[in-house]
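**Student:** This is the structure alone, sequence omitted:
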């Protein structure tokens, strides 16, 4: 018996439902006006639904092995090859860069963070370094002028705040 | 009317009007920047102009922005505005097949036609529609939300259980934040950002856009083209576009009507109009199985409806002086600055002004066709870049666009988080669209149900006995029973024949 | 992560020292944080003030809309922003409610009230075909009919338009729980829509928001929650005239983070005073039908303290107080 995607989905659903049901008892019963359905009503209904759906998925996963159903749906498992190691590494590094962007966006400011992010990302994706630098500068300039100046969106200045851009 | 139209042909009106529409194309095509933000942005500039020039800028901008939101949705799977969520479904699938240019041209012509029909309905039947819209209260909005939700069963091509999981996930996320009925902060863990709730725009950008970039990167070494639709656009003959529209006359007509009516309801807007018309188009289609794989009808329905909804949103504004959506809410505020007192009387007393507004709305459709076409041409400039540069570009515009919604880096985090979640959801075959629909409709269903129950002292009856509510309930019942009934009839027939 | 943060802070400190030493305040762009979305009423006033302030001080003044969470996200900026006078928060009535609602620990003593420039009283309106011609009729009817007969609306829970309703009911000797409140999102407009559709009975919101409906003959306003009749609409009587000693509504002003140096507070206060003294300011407010109420830092502070203290009881009676 191999773990398949239905098992994963089922378990995630049950975990989410459990988490919700753990939190909702702390919700107040609601004001007098909303005594029929308090703030916990809707999340609870959904959590129970999630629990049932999760169990459903688990049963489906055990009762109907994936291959059979895939065959029925005309979908071949052969065509779907696994991600190779190099791509996996690139993908993980992309995620790391995304997280880094979020962390440093407010601290270092839009310009510094975006330049670094774009340059590293393009190098990661195999764009030659000089080109990467050029395109990074281009994107940052376009976004800065469009968002920051034309649409007057206050992008975080960060450590370049003293430049009074 | 003609006189009013001619009075607009002046440089000091035409110039700002067309410039605003050009700006609208930009704003619409940028993920995160919405038509509402665009309108809020230009309104201060209009204070020094004559009122009709300001109103022309606002109207024109909103029409181009709502259309242009479909451009990145079609080519890159990044919805440009909240109203383009449904445009992703079949538009992007067409792009993957190398028919992106055809899809976006269908989009442009249908947006124009939908907008036109919406405006014509606004001119001809707005008092009737406005009175109808006033009948809507929590009971009716609840059913409208449920109706929209039932469309998700229609949207998914995957298994029904996974579709339900996706939609309930969206509904669950929508309960985060301050509960409007009681003011209680739910699932916030004393975090201020969670207090504000999960905004659905960054979620949509993440689930659709970033997850697709992730997929493109993860499948790169195999040179798998599914993730590289970015580079496919294909050539398009204008005659083909007309042929598609000719084939889909009925879908265009029904989507325009649905769009205008939903737009006219103060509690629902262009985004919900697009989803509902997509669902109805699929339900009434002869080839429902083609939806989600690049079906023409699936492209036509949402794009027609979201532009038609814009005409609808002006109906309550013009008839009663109450806003039909966030854009008309800003318009009514701006009118004070023009020295006009917004309300039921301003348009009754100002026949010239209202005819000018109608003319602006009609002529804007012509401009939309031209400027939209130029916008598409400008956008396809993107394809001149190397593919990996485009992937980086999509990422940075998505991230900064999300920040722009509320000037909050929490929303940037949401894009990243839901990008990763979306990637895994697709890996385990949980469809993404129902999740968005759940998130959009969650508050509509929950708040209207609970506040409706407050109104009715906990009785369910008003949800079933009020005329419009009852109609909605019956439509829903019919939707659910239609397919089993057809099957039953077929079975009975074959039995008889045997 | 932490090390980089420290490094970044160190760089910031190094580059800011010489600048701070050489230049007088203000020498760089000022940001006004508006907790409400762009295009709305508060945003319009914030943008007007930003423009005027920029002219007055000679540096750019930008408005940033930090919205969400019933205004708590934007208001909280006053607790976290650097106290250097370059971040000014546009505060509104809701500021006084966040602590009681359990949204955030914000009290008037945790910020420097800088300047108040607006006050809009609530007004009580019913549909034109309603039988109630004055407040007493309405209050008597509420008393006479079973609890829950009357539906009120106006805005969100515990908002500037909801709390005056509570105060009035308490003054009339009626439990707030004997009427139902239908919360709406996004200002008074949805509540007015409900009233026009006949789905609620009474709406409390500012008179200008509903005036056009009154002019069109679809709605009747029974009273304003102000001390005196408003000269902009003198035909509307006050609650006080009708025997109910109740005032209430919303206000708008500006606040600074707690540790902002005194000379900057004074400097900005003077700048605001100059702006509110101009004819352009009065014209702008009149055009937008916003009421003018100017309080300097000291008066604004006293006003906030007393309002905050008084609200606890009202919130408690309404059942909104989080204990």
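**Tutor:** Received it, and whenever you're ready, just let me know what you need. Computed from a prediction, not measured in an experiment: that's the story for all the values here.

**Student:** quick one: the closest residue in space to residue C:136 that isn't next to it in sequence and residue C:137, what's the gap?
**Tutor:** Spatial nearest neighbour of residue C:136, chain neighbours left out: residue C:242 (6.4 Å); criterion: CB to CB, 6 or more residues apart in numbering or on different chains. Bear in mind the C-beta positions are built from the backbone N, C-alpha and C, glycine included. Taking CB to CB, to the nearest Å as the measure, residue C:242 and residue C:137 are separated by 10 Å.

**Student:** Which residue ranges of the chain form strands?
**Tutor:** Going with chain A. Counting by DSSP state E, chain A yields no residue ranges for strands.

**Student:** sorry, should have said chain C
**Tutor:** Counting by DSSP E, the segments of chain C that form strands are C:30-34, C:61-65, C:87-92, C:111-127, C:151-153, C:180-182, C:202-206, C:219-224, C:249-257, C:292-295.

**Student:** Now distance to residue A:63 and mean neighbour count too, for these, in a markdown table please.
**Tutor:** As requested, the strands of chain C are exported to a markdown table (distance: least, CB to CB, whole Å; neighbours: other CB atoms under 10 Å in any protein chain shown):
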| stretch | distance to residue A:63 | mean neighbour count |
| --- | --- | --- |
| strand C:30-34 | 56 | 23 |
| strand C:61-65 | 53 | 21 |
| strand C:87-92 | 58 | 25 |
| strand C:111-127 | 60 | 25 |
| strand C:151-153 | 52 | 23 |
| strand C:180-182 | 48 | 24 |
| strand C:202-206 | 57 | 27 |
| strand C:219-224 | 62 | 22 |
| strand C:249-257 | 60 | 24 |
| strand C:292-295 | 70 | 17 |
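
**Student:** how about CSV for those strands, with distance to chain A added?
**Tutor:** Written out in CSV, the entries for the strands of chain C read as follows (distance: least, CB to the nearest CB, whole Å):
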stretch, distance to chain A
strand C:30-34, 6
strand C:61-65, 4
strand C:87-92, 11
strand C:111-127, 20
strand C:151-153, 10
strand C:180-182, 6
strand C:202-206, 15
strand C:219-224, 23
strand C:249-257, 16
strand C:292-295, 27
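
**Student:** Make JSON lines from those and add distance to chain B and mean pLDDT to it.
**Tutor:** What follows is those, written out as JSON lines (distance: least, CB to the nearest CB, whole Å; pLDDT from 0 to 100):
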{"stretch": "strand C:30-34", "distance to chain B": "9", "mean pLDDT": "94"}
{"stretch": "strand C:61-65", "distance to chain B": "5", "mean pLDDT": "90"}
{"stretch": "strand C:87-92", "distance to chain B": "12", "mean pLDDT": "96"}
{"stretch": "strand C:111-127", "distance to chain B": "12", "mean pLDDT": "95"}
{"stretch": "strand C:151-153", "distance to chain B": "7", "mean pLDDT": "95"}
{"stretch": "strand C:180-182", "distance to chain B": "6", "mean pLDDT": "93"}
{"stretch": "strand C:202-206", "distance to chain B": "12", "mean pLDDT": "95"}
{"stretch": "strand C:219-224", "distance to chain B": "10", "mean pLDDT": "96"}
{"stretch": "strand C:249-257", "distance to chain B": "15", "mean pLDDT": "96"}
{"stretch": "strand C:292-295", "distance to chain B": "15", "mean pLDDT": "95"}
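
**Student:** Could you dump those into a markdown table with distance to residue A:28 added?
**Tutor:** Compiled in a markdown table, those are given as follows (distance: least, CB to CB, whole Å):
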| stretch | distance to residue A:28 |
| --- | --- |
| strand C:30-34 | 31 |
| strand C:61-65 | 31 |
| strand C:87-92 | 26 |
| strand C:111-127 | 27 |
| strand C:151-153 | 22 |
| strand C:180-182 | 16 |
| strand C:202-206 | 25 |
| strand C:219-224 | 33 |
| strand C:249-257 | 27 |
| strand C:292-295 | 36 |
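
**Student:** closest one to residue B:73 among those strands?
**Tutor:** Between residue B:73 and the strands of chain C, the shortest separation by CB to CB is 25.4 Å, and it involves strand C:61-65.

**Student:** Pairing partners for that closest one, with directions?
**Tutor:** Take DSSP bridges as the rule and strand C:61-65 pairs in its sheet with strand C:30-34 (parallel).

**Student:** Could you pull up the residues touching residue 152?
**Tutor:** Because you didn't say which chain, this covers chain A. By CB atoms under 8 Å, 6 or more residues apart in numbering or on different chains, the contact list for residue A:152 reads B:41, C:62.

**Student:** please go with chain B instead
**Tutor:** By CB under 8 Å, 6+ apart, the contact set of residue B:152 is B:163, B:166, B:167, B:279, B:433, B:434, B:437, B:438.

**Student:** With residue C:151 instead?
**Tutor:** B:455, C:179, C:180, C:181, C:182, C:199, C:200, C:201, C:202.

**Student:** Turn these into CSV, including distance to residue C:273.
**Tutor:** Below are the contacts of residue C:151 laid out as CSV (distance: CB to CB, whole Å):
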residue, distance to residue C:273
B:455, 48
C:179, 42
C:180, 44
C:181, 39
C:182, 41
C:199, 45
C:200, 42
C:201, 43
C:202, 39
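
**Student:** if I look at the residue in chain C that chain B sits nearest to, how far off is residue B:36?
**Tutor:** Evaluated by CB to the nearest CB, chain C has residue C:212 as its residue closest to chain B, separated by 2.1 Å. Plainly put, residue C:212 is 22 Å away from residue B:36 if you go by CB to CB.

**Student:** Likewise for residue B:313?
**Tutor:** Separation of residue B:313 from residue B:36 (CB to CB): 11 Å.

**Student:** sorry, back to before: ok, the residue of chain C closest to chain B touching residue B:345?
**Tutor:** Yes: using CB atoms under 8 Å as the test, residue C:212 is close enough to residue B:345 to be in contact (6.6 Å).

**Student:** In terms of neighbours, single out the busier of those two.
**Tutor:** The neighbour comparison of residue C:212 against residue B:345 (other CB atoms under 10 Å in any protein chain shown) goes to residue C:212, with 22 against 15.

**Student:** can you pull the contacts of the more buried one?
**Tutor:** The neighbours of residue C:212, taking CB under 8 Å, 6+ apart as the test, are B:321, B:341, B:342, B:343, B:344, B:345, B:346.

**Student:** ok, 6 Å please
**Tutor:** Contact criterion CB atoms under 6 Å, 6 or more residues apart in numbering or on different chains gives B:321, B:341, B:343 as the residues in contact with residue C:212.

**Student:** these two touch, right, residue C:222 and residue C:136?
**Tutor:** No: shown here, residue C:222 and residue C:136 do not form a contact pair, counting by CB atoms under 6 Å, at 9.5 Å.

**Student:** and residue B:352, how many residues sit next to it?
**Tutor:** 11.

**Student:** Whichever strand or helix holds it: which residues count as buried?
**Tutor:** Counting by DSSP states H and E, the element that carries residue B:352 is helix B:351-379. Applying a neighbour-count criterion of 16 or more other CB atoms under 10 Å in any protein chain shown, the buried positions in helix B:351-379 are B:353-365, B:367-369, B:371-372, B:375-376, B:379.

**Student:** hmm, back to that, need the pLDDT of the residue nearest to residue C:136.
**Tutor:** At residue C:242, the predicted lDDT confidence score is 95.

**Student:** Does it touch residue C:135 like I think?
**Tutor:** Yes: counting by CB under 6 Å, residue C:242 touches residue C:135, with 4.8 Å between them.

**Student:** who's more crowded, those two?
**Tutor:** The residue with the greater number of neighbours, taking residue C:242 and residue C:135 and applying other CB under 10 Å, is residue C:135; the counts read 21 against 15.

**Student:** And the more buried one, how close does it get to chain A?
**Tutor:** 22 Å (CB to the nearest CB, to the nearest Å).

**Student:** Also residue B:387?
**Tutor:** On the measure of CB to the nearest CB, residue B:387 and chain A end up 9 Å apart.

**Student:** give me the number of residues near that residue?
**Tutor:** Under the neighbour criterion other CB under 10 Å, residue B:387 is assigned a count of 15.

**Student:** Over to residue A:147?
**Tutor:** Around residue A:147 there are 22 other residues, counting by other CB under 10 Å.
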